[in-house]
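*Asks:* Got a predicted structure here, sequence first:
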Amino acid sequence: MEQRVLVHNADVAAVFQQIADLLEIEGNNPFRIRAYRNAARMLSTLAPSVQTMVEENRDLKELPGIGPDLAGKIIEIVATGTCALREQLRQELPPAIHELLSVPGLGSKRVKTLYDERNIQTLDQLARAARAGEISTIPGFGQRAEQRILEAVQAKLSKARRFRIDMAAQIAEALVAYLRAGEDARQIEIAGSYRRRQETVGDLDIVMSSARPIRLLQRFVEFGDVAQVQSHGTTRASVLLRQGIQVDARVVADSSFGAALHYFTGSKAHNIAVRRLAQAHGWKLNEYGLFSNERRIAGETEASVFKAVGLPYIEPELRENRGEIEAAQAGHLPKLVSLTDLRGDLHAHTRASDGKNSLREMALEAQRRGFAYLAITDHSQKLRVAHGLDSGALAKQVDEIDRLNEELSGIRLLKGIEVDINEDGTLDMPDAMLARLDIVIGAVHSKFTLPRERQTERILRAMDHPCFTLLAHPTGRMIFERDAYEVDMLRIIRHAKERGCFLELNAQPERLDMTDTYCLAAKREGVLVSIGSDAHSVFDFDDLRFGVGQARRGWLEKKDVLNTRPLGALMKLLGRTRLAALST
Ligand code: DGT
Ligand code: CA
Ligand code: CA
């Protein structure tokens, strides 16, 4: 049974208003524009529902100002939620220009002027022009208008912003601790993209159960970081924190907690797929539970919901409708790697290059954390900004590592380097020095703009070096700052397989490079992934958890991750690289 989607008169009015705006930006016939505006105004105050009128086959031309053309549009909007004309106009104009209309104080006339006079098409361009004082010089704008536009557009831009997982984690953890201290919450989980460990989140979604929801939500809106309370009811509330991130909170009864947690964890695509399974039984699944008619058959835990629709528990990181439902049905869900599976870390820096701590401090911290091994991989000399090591300095460090290894118990320091891959694919360190090391991490730190073919060849040639073990941050992307360089990752993954070397999943939250999909590709091709902290201080080992989150999104299991191996097995694998290279 199709559920009837409610289309309010205001929804139809909004489509007409937008058509009028877009026609006006385009400089269309004023009479036509006015017809849409008048119809929008009429609809926004009309008592009878046009949706009902359409369903009852009533004649829409009875309505004031509605001729055959607009009547047809209303029918189209009621049926589809939009209409062909609006979609066509959206395509003809610069794709982002309708965003400008959403800036308070900017009507279509002003947007058209900004477009005609200064070719402003996006919110970013508008903010830049306002900051540069270019708006106040346009007739009809003036300095006050410019200031108001700047403020409005900045507020808008910050709303559209996403936040890195590490920033979200800080806030989420503080908020959860604060809510727990209030003792009104029985269960608390941050759901949404955060729980699915996406590398960035749009907002935070918090799901709680409580017998005292009103007191709990009162405490929530009084959280110290709240800058603005956007809504505050008896079962839900939304706040904007001073960091610019929004938090949505919902409180349900314990009997609904699992269903609510599942619903608000998403992803939406996953939810839709699970709901379809429920519907196949004639059941209804929503945030309150799984229902057969009015009877709740599951919902207290997520596992109960999955079980009722015939599935084993599916980890949040897998819930993207990327095959997890089918894998669950077939009993082929991966057993995802966890932080405690990691036996050590293969990428760390010391004060010898650009790290903040000494070799000894890094070693002691790794020991304290129970690592079986830590690879010391400072930069090579080509990376001047990082005070990279030349062959002599590295030889000195290698001796120091030998001494420390004799002194320390329970942990083995591996001798390594994060060596620059030169433009021609050679490595920035003499072969004789590389041959003395346990691990050679190659990295691209320059010439990011080489054409795809050359960038790929550069990396493949580096992997051909018999000492090459591991490719650091394979695509070079920095979240929000720098795109990945152009490179053929599938060829690189396959070449790594051929050469017996490995790929890094760099755990720094600004990198998280490789992405989840590349992790999955590496797994499929049988290439082990090293989750490396790339620590530049003793605190950075904490970043490993973000790397593990990304690895889990990429379906990686313990066996797919290089640094889950005990020391002995690891050393064999690292040695095999060389043998594979030498045998070809
Ligand atoms: P974000 O915040 O953009 O990083 O991504 P999410 O996944 O956290 O999305 P959000 O905050 O809009 O909504 C949280 C979850 O709520 C989402 O993952 C799934 C669920 N949800 C939201 N809207 C819908 C919907 O229209 N249908 C269904 N089935 N689920 C929805
Ligand atoms: Ca969210
Ligand atoms: Ca949300």
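*Replies:* Received the coordinates, thanks. Numbering: from 1, shown residues only. Ligands and ions are numbered 1, 2, ... in the order given.
*Asks:* Quick one: residues contacting residue 568.
*Replies:* Under the criterion of Cβ atoms under 8 Å, 6 or more residues apart in numbering, residue 568 has no neighbours. In this view, the C-beta of every residue, glycine as well, is placed from N, C-alpha and C.
*Asks:* how about the residues of the protein near ligand 3?
*Replies:* 203, 205, 248 (Cβ under 5 Å from the ion).
*Asks:* how does it look with 8 Å?
*Replies:* By Cβ under 8 Å from the ion, the part of the chain that sits against ligand 3 consists of 192, 202-205, 246, 248, 264.
*Asks:* Output those residues as a markdown table; include the columns distance to residue 416.
*Replies:* Output for these, formatted as a markdown table (distance: Cβ to Cβ, whole Å):
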| residue | distance to residue 416 |
| --- | --- |
| 192 | 38 |
| 202 | 38 |
| 203 | 40 |
| 204 | 38 |
| 205 | 41 |
| 246 | 43 |
| 248 | 45 |
| 264 | 43 |
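*Asks:* Would you confirm that residue 106 belongs to a strand?
*Replies:* No - assessed with DSSP: H, G, I helix; E, B strand; the rest coil, residue 106 is coil; it does not lie in a strand.
*Asks:* from the stretch 251-400 of the chain, which residue is nearest to ligand 3?
*Replies:* Nearest residue of the stretch 251-400 of the chain to ligand 3 (Cβ to the ion) works out as residue 264 at 7.6 Å.
*Asks:* still on that earlier bit, please flag which of the residues of the chain next to ligand 3 sit within helices.
*Replies:* Judged by DSSP state H, helices contain the following of the residues of the chain next to ligand 3: 192, 264.
*Asks:* What about ligand 1: which of the residues of the chain next to ligand 3 touch it?
*Replies:* For ligand 1, the contacts drawn from these by Cβ under 6 Å from any ligand atom are 192, 202-203, 205, 264.
*Asks:* Quick check: residue 161 vs residue 102, distance?
*Replies:* According to Cβ to Cβ, to the nearest Å, residue 161 and residue 102 sit 15 Å apart.
*Asks:* do residue 224 as well
*Replies:* 31 Å.
*Asks:* Return the residues of the stretch 201-350 of the chain in contact with ligand 2.
*Replies:* Checking the stretch 201-350 of the chain against ligand 2 by Cβ under 8 Å from the ion, the hits are 201-205, 248, 266.
*Asks:* and which of the residues you listed is nearest to ligand 1?
*Replies:* Ligand 1 has its nearest neighbour among those in residue 266, at 1.9 Å by Cβ to the nearest ligand atom.
*Asks:* Need the per-residue pLDDT for that closest one.
*Replies:* Looking at residue 266, its pLDDT is 97.
*Asks:* can I assume it is in contact with residue 193?
*Replies:* Yes - applying Cβ atoms under 8 Å, one finds residue 266 in contact with residue 193, separated by 7.1 Å.
*Asks:* Output the below-cut-off pLDDT ranges for this protein.
*Replies:* Scanning the chain for pLDDT under 70 picks out 1-4, 95, 158-160, 576-584.
*Asks:* And the residue sitting furthest away from the middle of it, how close does it get to residue 71?
*Replies:* Going by Cα atoms, centre = their mean, the residue of the chain most distant from its centre is residue 62, 49.9 Å out. Applying Cβ to Cβ, the value for residue 62 to residue 71 is 9 Å.
*Asks:* which residues of the stretch 1-150 of the chain fall in helices?
*Replies:* Applying DSSP state H, counting those that start in this stretch to the stretch 1-150 of the chain gives helices spanning 9-26, 30-45, 50-55, 68-80, 84-92, 97-101, 108-118, 123-131, 142-160.
*Asks:* cool, the stretch 201-350 of the chain as well?
*Replies:* 213-221, 257-265, 268-280, 302-308, 324-329.
*Asks:* export those helices to TSV and tack on mean neighbour count?
*Replies:* Listed next are the helices of the stretch 201-350 of the chain as TSV, based on neighbours: other Cβ atoms under 10 Å:
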stretch	mean neighbour count
helix 213-221	19
helix 257-265	25
helix 268-280	15
helix 302-308	19
helix 324-329	17
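*Asks:* which non-adjacent residue is nearest the residue of the stretch 251-400 of the chain closest to ligand 3?
*Replies:* The shortest distance from residue 264 to any non-neighbouring residue, by Cβ to Cβ, 6 or more residues apart in numbering, is to residue 191 (3.9 Å).
*Asks:* Let me see the contact set for the one you found.
*Replies:* Counting by Cβ under 8 Å, 6+ apart, residue 191 touches 205-207, 261, 264-266.
*Asks:* Pull out the buried members of the residues of the stretch 201-350 of the chain next to ligand 2.
*Replies:* Buried by 16 or more other Cβ atoms under 10 Å: 201-205, 248, 266, out of those.
*Asks:* From those residues, which land in strands?
*Replies:* By the criterion of DSSP state E, membership of these in strands covers 201, 204-205, 248.
*Asks:* which of these lies closest to ligand 2?
*Replies:* Using Cβ to the ion, residue 205 is the member of these that sits closest to ligand 2, with 4.6 Å.
*Asks:* Just give the number of residues close to the closest residue to that closest one other than its chain neighbours.
*Replies:* Nearest residue to residue 205, sequence neighbours excluded (Cβ to Cβ, 6+ apart): residue 192, at 3.6 Å. Neighbours of residue 192 under the rule other Cβ atoms under 10 Å: 24.
*Asks:* Pipe the contacts of residue 191 into a markdown table and attach distance to residue 26 per row.
*Replies:* Below are those laid out as a markdown table (distance: Cβ to Cβ, whole Å):
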| residue | distance to residue 26 |
| --- | --- |
| 205 | 39 |
| 206 | 44 |
| 207 | 45 |
| 261 | 47 |
| 264 | 40 |
| 265 | 42 |
| 266 | 37 |
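*Asks:* So which residues on the chain come close to ligand 2?
*Replies:* So the chain meets ligand 2 at 191-194, 201-205, 248, 266 (Cβ under 8 Å from the ion).
*Asks:* of those, closest to residue 430?
*Replies:* Ranked by distance to residue 430 (Cβ to Cβ), these are led by residue 201 at 45.3 Å.
*Asks:* and that closest one, what are its bridge partners?
*Replies:* Beta-bridge pairing of residue 201 under DSSP bridges involves residue 163.
*Asks:* Would you confirm that it contacts residue 194?
*Replies:* Yes - counting by Cβ under 8 Å, residue 201 does reach residue 194; the two are 5.0 Å apart.
*Asks:* which neighbours do those two share?
*Replies:* Listed as contacting both residue 201 and residue 194 by Cβ under 8 Å, 6+ apart are 165, 168.
*Asks:* Great, nothing more from me.
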